[in-house]
Structure formats: structure tokens, C-alpha cells
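>>> need a structure here:
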Amino acid sequence: MKIEQIYTGCLAEAAYYIESDGECAIIDPLRETLPYISRAEKNNVKIKYIFETHFHADFVSGHLELSQKTGAQIVYGPNANCHFDCISAKDGEEFAIGKIKLRVLHTPGHTPESSTYLLIDENGKEHCIFTGDTLFIGDVGRPDLAIAADVTKEDLAGMLFDSLRNKIMPLPNEVIVYPAHGAGSACGKNMSKETFDTLGHQKQVNYALQNTSKEEFVKQLTEGIAPAPQYFSKNAMMNKQGAGKLDEVYSHGLRKLSPVEFETAAEKTSALILDTRDAQIFCKGFVPGSVNIGLNGLFAVWVGTLITDLNQAILLVCDDGKEEECVMRLARVGYDNTLGYLNGGIEAWKKSGRPTETISSVSADEFCSQCNNETNVIDVRRVNEFENEHVVEAENKPLDSINDWTNELLKDKKYFVHCAGGYRSMVAASILKARGFHNITEVAGGYGAIAKTSIPKTNLITEIK
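Numbers count the residues shown, from 1 in each chain. The predicted model follows:
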């Protein structure tokens, strides 16, 4: 028996490869199928099943294309009404993979169809559980992402309480918990950086597995949930209906475009020019109108949060050799309409004689020396980050709601923009620049650097006093 966790850091997502006696199964695959097919071919085994723990909201799954390429059957738990051929398994139903079995434990709560898969090894021992978003390490799944319109988050939280106590907690303490996500995912509130643990340890440390009433559990789980990124519901629907073929996304997304072709495509299609280079390189020169969302951060999450139309035409500017990664990471969250990339990057654009734009970026010390009572400071961190400590004169305008607050700014004013480390602030500055705000200065290093200066700072407790 072989179990491999395939963890993708940018999405904080874990897929699983399970092998036994010439057969294997994949659990919660990402959209690109090659990693799974390659593993199976290398080990000379057949992919027999593709198990999905639920309709994922934070990424587009590769179940349909993987099934088409390998002949493997797709398995969901009860209540999964797919738009393609799949097995909607019964609670307690077992599936053989070589000498082992996976037993379906219907564990609704994160979503109505959410299911956990219990692996029973060659000796009949309950070895591990693949919990999807039902149980994380240190947390449980949020109950507000259901596709069904006839259930509330309170209803689902109550279901999750029952699922945890009736299906998961009775299992032996030595059972290993393999979740679908780790720290950084928006599918929970308090996930650990660890990506697996024993169930016994989780019973000791996970707040959701403590001795509490259902009413207290529901209240605890439903309070303080950050709004879900707008793309979540769209990705969930894509997973229910079945996404298009990734090969076709690559075929047009990886077109090499000369500066002339790039400029023409931008004009004809009203495409978004997405520059994925590092923030401090981007700001020194970019194609006019570009938005910077760097590959070196939570790229897919911010694309999905800020670009509200999954069908938005996109033209890429990226570092040489990063083109395929850009297209793939966009497709992972459902953005399939990439039209191509600027061949030769920004240097080719400059050599063609076309104009570039820049964004002013200053150090924290320079910001400190220029800041006074008349300075307009925009802090684009999340509310809880801002409340913990912030520059006295700063306004908190979180990046994830920039589409709501842009019109509150005045184009004739100068604004300093910062976040925690510099990634989000350059995203915000580039969006504002593209929308006609030309007096924007980004603070390099963000609040991490600002905190080391003498600029006056405060926190929510101080302000209330």
C-alpha cells in the first residue's frame, strides 16, 4: 500500500495518490492531470477510481478530464447531482483498490454532499481518513459555501456537528487524518500549517472536536466567517457541471504574441493585461493599463478575488519560462480565456518603441520622512491585521474590496499605499493606476518595514481608549 499526499502550496490544497496491488485511486485532483497519470504509468498501475470529497469551491478539479483520459470512474458521496457520469455512492459503501478498501462516510456540513473516505488496509485495519473540507488540522470546513439554496449556514453547521461526532470521532485515535487543505486556504478559519495528524491528537487540540453543545458549536462556527471570494460559487458550479479540457486552454493561452499582435489583441478584445512579475520589478516599467498580480504570492486566490468575470479575456506579461505556469494557475481557478503572452516580455515591448508606465515605490524610511497629518495613507491589509496595529493616519481599505472603494478616492490627491509586505499594495496600486489614479506611491516592504520606523502607530484598543 502506498499513500502520497500531493500538496500545492499556492492553493494550500492536498490531493492524494493511493496505490495497492496494481491499482490506484486519486482523491481531490487538481485540474492538471499529468502528475497523476505520470505516477500511475511510472508504477505500472491502473487508475481505477477518482474520489471527490465534495464540490470544491476554491479550485477547479480535474476529475472529468482525468476520467476521460484513463477510464477511471468518478465517485462522489450521497446527494451529489453531477452533470456527467459518476457514482453517487451510498453511506457505508466500499470500493476496492487492490488489496485495500475505501469506505464512504457521508459527512455533510461543509456542503450537503461532503463525504469522508475511510481507508481500510490489507489487514482490515482502519488506517486513515481523507476528510476533504469536513475536518482540517486544527479546524473544520466553513458552512456557508453550499450550492443548494434551501439550506442555511446554521443548518449546515448543525449537520457538521453531527457528522463529526457520529462518523469521525468514534474512529480509533491512531487513524491518520488527511484533509484537503492547510493553512492559507479560505475554506476554514484556523487551519494549522501541518497537513496531517492523528485523529487522537486532533480530539485533544481541535476546538471543533471538544465537548460542547450543538448550539454552542453552531454559534462558534458561524461567527466571524470572512466573506467567501466571489469565484468560489462559480468554481463549485464548474465542478458540478464539468470543466473544459485543459489542453484546449493551453492551446490558445500559450500563443506567442509580438508587441504588435499583443497591442492589437488588447484593443480588439478589451482584454485585461495581467503582469505576473515581481512587484518591485513590475513598478519600474510595464505595459500601460497592466494589473500586477505576482506569481510569487497567492496568485490564483487574488485573481479569483479581484477579477469578477471568469470569461474575462486575459493577456499575459511574465518572466521568461513562466508562461505555462501562469496559464495553468489561472485555469486552476476557472480563468480559461487567456489569449496569449507577450513574446520576449517587457523588454520586447520596450524595444518596439512602445511606451511604458511606472509606479512610484519608496522605502519605509522615505515614507516615514514624508508622512504628516496631511498625508493620505491607504492600508490594504485585512481588517484584523489593521486593528492589530497601524499607522495613525491610515485608512483601512482591504484589497479584496477594492472594486467597492475605488470611487471613494479623489484623482487629484496623492496616496501612499501599503500592505503587510508589499505584494498586495502593488496589486492595489496597479489597479488604481489602470483606473486613472496617477498620484499613487507604494511603500516597499509594507507594514513589516514600517513597523521598524518611528512613525506614530496605534491599534484598535488604543483608539477605543
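
>>> contacting residues around Lys193?
Lys193 is in contact with Gly182, Ala183, counting by Cβ atoms under 8 Å, 6 or more residues apart in numbering. C-beta: built from backbone N, CA, C; applies to glycine.

>>> do the same with Asn403
Counted by Cβ under 8 Å, 6+ apart, Asn403 has contacts Leu306, Thr308.

>>> With Glu324 instead?
Tyr250, Leu254.

>>> Which secondary structure state is assigned to it?
Per DSSP: H, G, I helix; E, B strand; the rest coil, the local secondary structure of Glu324 is helix.

>>> how close does it sit to Glu94?
With distances taken as Cβ to Cβ, to the nearest Å, Glu324 is found 39 Å from Glu94.

>>> With Asp275 instead?
To Glu94, Asp275 is 50 Å away according to Cβ to Cβ.

>>> Between the two, tell me which one has more neighbours.
Neighbour totals were compared for Asp275 and Glu94, and Asp275 leads with 25 against 12 (other Cβ atoms under 10 Å).

>>> now that one, which residues is it bridged with?
Beta-bridge partners for Asp275, by DSSP bridges, are Asn292, Val317.

>>> Just to check, it is in contact with Ile314?
No: judged on Cβ atoms under 8 Å, Asp275 makes no contact with Ile314 at a distance of 10.9 Å.

>>> what does the domain assignment say about the protein?
2-235, 245-351, 360-464 (automatic domain parsing).

>>> which residues touch Val218?
Neighbours of Val218 in contact, by Cβ under 8 Å, 6+ apart: Glu154, Ala157, Gly158, Phe161.

>>> Show me how to select, in ChimeraX, the buried members of those.
This is how ChimeraX selects the buried members of the contacts of Val218, with burial counted by 16 or more other Cβ atoms under 10 Å:
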select :157,158,161
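
>>> Among the contacts of Val218, which lie within helices?
Members of these lying in helices (criterion: DSSP state H): Glu154, Ala157, Gly158, Phe161.

>>> CSV for these, including distance to Arg382 and pLDDT?
Converted to CSV, those look like this (distance: Cβ to Cβ, whole Å; pLDDT from 0 to 100):
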residue, distance to Arg382, pLDDT
Glu154, 25, 93
Ala157, 23, 96
Gly158, 28, 96
Phe161, 28, 98
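
>>> which stretches of this structure aren't confidently modelled?
147-149, 460-465 (pLDDT under 70).

>>> which stretches of the stretch 251-400 of the chain form helices?
When assigned using DSSP state H, counting those that start in this stretch, the helices of the stretch 251-400 of the chain occupy the ranges 259-269, 279-282, 299-306, 323-331, 345-351, 364-370, 383-388.

>>> Also the stretch 101-250 of the chain?
Taking DSSP H, counting those that start in this stretch as the test, the helices found in the stretch 101-250 of the chain are 153-163, 199-205, 214-222, 231-241, 246-253.

>>> Need the contact partners of the first one.
Taking contacts as Cβ under 8 Å, 6+ apart, the residues outside helix 153-163 that touch it are 106-112, 114, 134, 140-141, 143-144, 146, 214, 217-218, 221-222, 225.

>>> quick one on the thing from earlier: could you redo the helices of the stretch 101-250 of the chain as TSV and give each row distance to Ser401?
Below are the helices of the stretch 101-250 of the chain laid out as TSV (distance: least, Cβ to Cβ, whole Å):
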stretch	distance to Ser401
helix 153-163	21
helix 199-205	33
helix 214-222	21
helix 231-241	15
helix 246-253	29
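
>>> Of these, give the one that comes closest to Pro259.
Across these, Pro259 has its closest neighbour in helix 246-253 (18.4 Å, Cβ to Cβ).

>>> For the closest one, list every residue counted as buried.
Those would be Leu246, Val249, Tyr250, Gly253, for helix 246-253 by 16+ other Cβ under 10 Å.

>>> if I look at the second one, how far off is Asn388?
Distance of Val249 to Asn388, computed by Cβ to Cβ: 40 Å.

>>> same deal with Thr212?
28 Å.

>>> Lys203 is in contact with Glu174, isn't it?
No: the criterion here is Cβ under 8 Å, and Lys203 misses it with Glu174 at 11.6 Å.

>>> which residues in the stretch 101-250 of the chain form strands?
Per DSSP state E, counting those that start in this stretch, the stretch 101-250 of the chain carries strands over the ranges 115-120, 126-132, 176-179, 197-198.

>>> Columns mean neighbour count and distance to Gly22 on top of the ones you listed, output as TSV?
TSV is the format used below for those (neighbours: other Cβ atoms under 10 Å; distance: least, Cβ to Cβ, whole Å):
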stretch	mean neighbour count	distance to Gly22
strand 115-120	24	17
strand 126-132	24	19
strand 176-179	25	22
strand 197-198	17	29
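
>>> Throw those strands into a markdown table and include distance to Lys167, thanks.
What follows is those, written out as a markdown table (distance: least, Cβ to Cβ, whole Å):
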| stretch | distance to Lys167 |
| --- | --- |
| strand 115-120 | 7 |
| strand 126-132 | 9 |
| strand 176-179 | 13 |
| strand 197-198 | 17 |
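
>>> Can you name the two of the ones in helices among the contacts of Val218 that sit furthest apart?
Using Cβ to Cβ, the two most remote members of these are Glu154 and Phe161, lying 10.7 Å apart.

>>> Include distance to Asp379 when you put the buried residues of helix 246-253 into CSV, please.
Formatted as CSV, the buried residues of helix 246-253 follow (distance: Cβ to Cβ, whole Å):
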residue, distance to Asp379
Leu246, 38
Val249, 36
Tyr250, 39
Gly253, 35
